[in-house]
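Asker: Return a 3D structure for these sequence lines:
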Amino acid sequence: MEKIKLFYFGDSPSVHTGFGVAAKHILNHILKSSDDFAISCLGINFYGDPHDQNHLNVYPVTTNDPYGIGRFNELLYKLNPDVIFTINDYDALFMLKDIVSQFRQKTNKNVPWIGYIPVDGEPVYPEYTSFLRTLDYVAVTSKYGRESIKKTDSGLDLDVVYHGVDRTIFHPMPEDKKKALKDGIGPDSFIVGSVGTNQLRKQWALMMEVFAEFSKDKPNAKFYMHTQPKFQGGYDVLRLGRYYGIDSKMYFPDQLRGAMGIDFSHMNQMYNLLDVYLTLHCGEGFGIPQLESMAAGTPVITHRATASEEIMGDAGILIDTEWTHIYPFGDRGLIRPIANKQQALSALNTLYSNEALRKELSVKGIERSKLFSWTDATIKFEDGIRKAYTNSLQPVVAKEIELAKLL
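Answerer: The predicted structure follows:
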């Protein structure tokens, strides 16, 4: 029997971004569950040679095409897939609509398109919801995402498929091993940490401002920043650190190599090193690092907006936000939540002085993390891909008619 040719487009399964982690788990599950698929990937944030990663054939993007739009068009005809599977923001996928439509027309092939998307802000504009209607199966990473889309198009059929966490990797370490990790920074250190790309949405400057105020009277306070100190389009966090007077208290991962990140076992050590995980982003479609830190037993401070409260439940400290256009030019005109600085500061001070609460939230976070399974997510996508492929074998033109209206 000829294998179903699946073409994946999104962050490479070899990189340690949220999209990359999701791709790794979903695609590897599909390969392991049956011998029906041959999978090729166009990996964003990957610039190496084409390679076979656990039987996933990964093609790189090019430096002059970092989002892979031209490369996607090239590989679509080269690979001639039976199914397209994408994990990316909906506005990024919107840029592929003409390419897919032309491919279908030129090849007379009704190749189905499966989309897995986060929603990290509002509103979702009508041109995007009209585009999403042309996909054969759409899943979002949170109920918040589904509700945001349905505010624009209440009739759009969407599944909620949560990301998961691998608890064989992310788990609490024994206290003696945690102590040994902390000895390198200072055995009595109180370490606040956060994980994320150095971009405006992650709000590193706001977290640095809050930490600076928090640490004024706490010489043992440290801030572990799992990000790039300098990154195009992001913050100059080294300069900001000097401005806020916390540069001697800031730590960065020695092994960080852009989106490639560091080994997952080291990530678990990092979470276990922290006393508190802080994330004051201005919008998350899910928040994998937040979930990983919960699984490792690290107390979390975040806010109630977008998907964060949905993932957290009562397993951490939630603070309030105000909604505003913070950078509407270049951010799709979205309204973004900005965390309350005073509440964030108060939460840090509370956890600093209350060891019993830290232990309570540690236990709650571990239990809460058990609700999120990569197995559940991957089963849903394998089923969706198989159904879409079967349906594509029938003469269906409705999707092309809808897509043509967007052109």
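
Asker: who's in contact with stretch 24-40?
Answerer: Applying C-beta atoms under 8 Å, 6 or more residues apart in numbering, the contact partners of stretch 24-40 are 1, 3-8, 13-14, 41, 54-59, 75, 79, 81, 87, 116, 164, 166, 374-375, 377-379, 381-382, 385. Heads up, the C-betas are built off the backbone N, CA and C, glycines and all.

Asker: what about 7 Å?
Answerer: 3-8, 13, 54-57, 59, 79, 164, 374, 377-378, 381-382 (C-beta atoms under 7 Å, 6 or more residues apart in numbering).

Asker: Give me the below-cutoff pLDDT ranges for the chain.
Answerer: Scanning the chain for pLDDT under 70 picks out 47-55, 254-262, 326-332, 395-407.

Asker: Which strands or helices does the longest helix anywhere in it pack on?
Answerer: Once the chain is assigned using DSSP state H, the helix that runs over the most residues is helix 374-392. Helices and strands touching helix 374-392, by 3 or more C-beta pairs under 7 Å, 6 or more residues apart in numbering; DSSP states H and E, are helix 18-33, strand 83-87, strand 113-117, strand 137-140.

Asker: Which is the succeeding secondary structure element to the first one?
Answerer: If I follow you right, that is helix 18-33. Later in the chain than helix 18-33, the nearest helix or strand by DSSP states H and E is strand 37-44.

Asker: buried stuff in that next one?
Answerer: Going by neighbour count (16 or more other C-beta atoms under 10 Å), the buried part of strand 37-44 is 37, 38, 39, 40, 41, 42, 43, 44.

Asker: hmm, back to that, just send the helices and strands packed on helix 374-392 back as TSV, with distance to residue 270 and mean neighbour count too.
Answerer: Shown next, in TSV, are the helices and strands packed on helix 374-392 (distance: least, C-beta to C-beta, whole Å; neighbours: other C-beta atoms under 10 Å):
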stretch	distance to residue 270	mean neighbour count
helix 18-33	15	21
strand 83-87	24	25
strand 113-117	27	24
strand 137-140	29	23
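
Asker: all helices of the stretch 201-350 of the chain, in order?
Answerer: 204-214, 237-244, 264-273, 288-295, 308-312, 341-353 (DSSP state H, counting those that start in this stretch).

Asker: so which of these comes closest to residue 220?
Answerer: Proximity to residue 220, assessed across those by C-beta to C-beta, is greatest for helix 341-353 (9.5 Å).

Asker: Break the protein into its domains for me.
Answerer: Residue ranges for the domains of the chain, per automatic domain parsing: 4-164+373-406, 175-369.

Asker: For PyMOL, write a command that selects the buried ones of the contacts of stretch 24-40.
Answerer: Burial among these is assessed by 16+ other C-beta under 10 Å; the matching PyMOL selection reads:
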select buried, resi 4+5+6+7+8+13+56+59+79+164+374+377+378+381+382
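
Asker: Not counting sequence-adjacent ones, nearest residue to residue 279?
Answerer: Using C-beta to C-beta, 6 or more residues apart in numbering and skipping the chain neighbours, the partner closest in space to residue 279 is residue 302 (4.8 Å).

Asker: Test my guess that the one you found contacts residue 320.
Answerer: No: using C-beta atoms under 7 Å, residue 302 makes no contact with residue 320, being 11.4 Å away.

Asker: Neighbour count: the two, which is higher?
Answerer: When neighbours are counted by other C-beta atoms under 10 Å, residue 302 comes out ahead of the other of residue 302 and residue 320, with 26 against 13.

Asker: about what we covered before: would you mind measuring from the residue nearest to residue 279 to residue 203?
Answerer: 11 Å (C-beta to C-beta, to the nearest Å).

Asker: And for residue 23?
Answerer: To residue 203, residue 23 is 25 Å away according to C-beta to C-beta.

Asker: And for residue 74?
Answerer: The gap separating residue 74 from residue 203 is 36 Å, by C-beta to C-beta.

Asker: Which one's more surrounded, the two?
Answerer: Ranked by neighbour count (other C-beta under 10 Å), residue 74 and residue 203 place residue 203 first, with 24 against 14.

Asker: list the contacts for that one?
Answerer: The contact partners of residue 203, taken as C-beta under 7 Å, 6+ apart, are 280, 281, 282.

Asker: try residue 89
Answerer: If you count contacts by C-beta under 7 Å, 6+ apart, then residue 89 has 117, 118 around it.

Asker: coming back round to it: and the residue nearest to residue 279, what are its bridge partners?
Answerer: Note on residue 302: beta-bridge partners by DSSP bridges are residue 318.

Asker: which residues touch it?
Answerer: 279, 290, 308, 312, 316, 318.

Asker: wait, doesn't the last one sit right on residue 305?
Answerer: No: between residue 318 and residue 305 there is no contact, the gap being 9.5 Å when judged by C-beta under 7 Å.

Asker: These two: who's more crowded?
Answerer: Comparing residue 318 with residue 305 by other C-beta under 10 Å, the one with more neighbours is residue 305, at 25 against 19.

Asker: Does the more buried one touch residue 319 like I think?
Answerer: No: counting by C-beta under 7 Å, residue 305 does not reach residue 319; the two are 9.7 Å apart.

Asker: tell me the phi and psi of residue 16?
Answerer: With angles defined as degrees, to the nearest 10, residue 16 sits at phi -100, psi 50.
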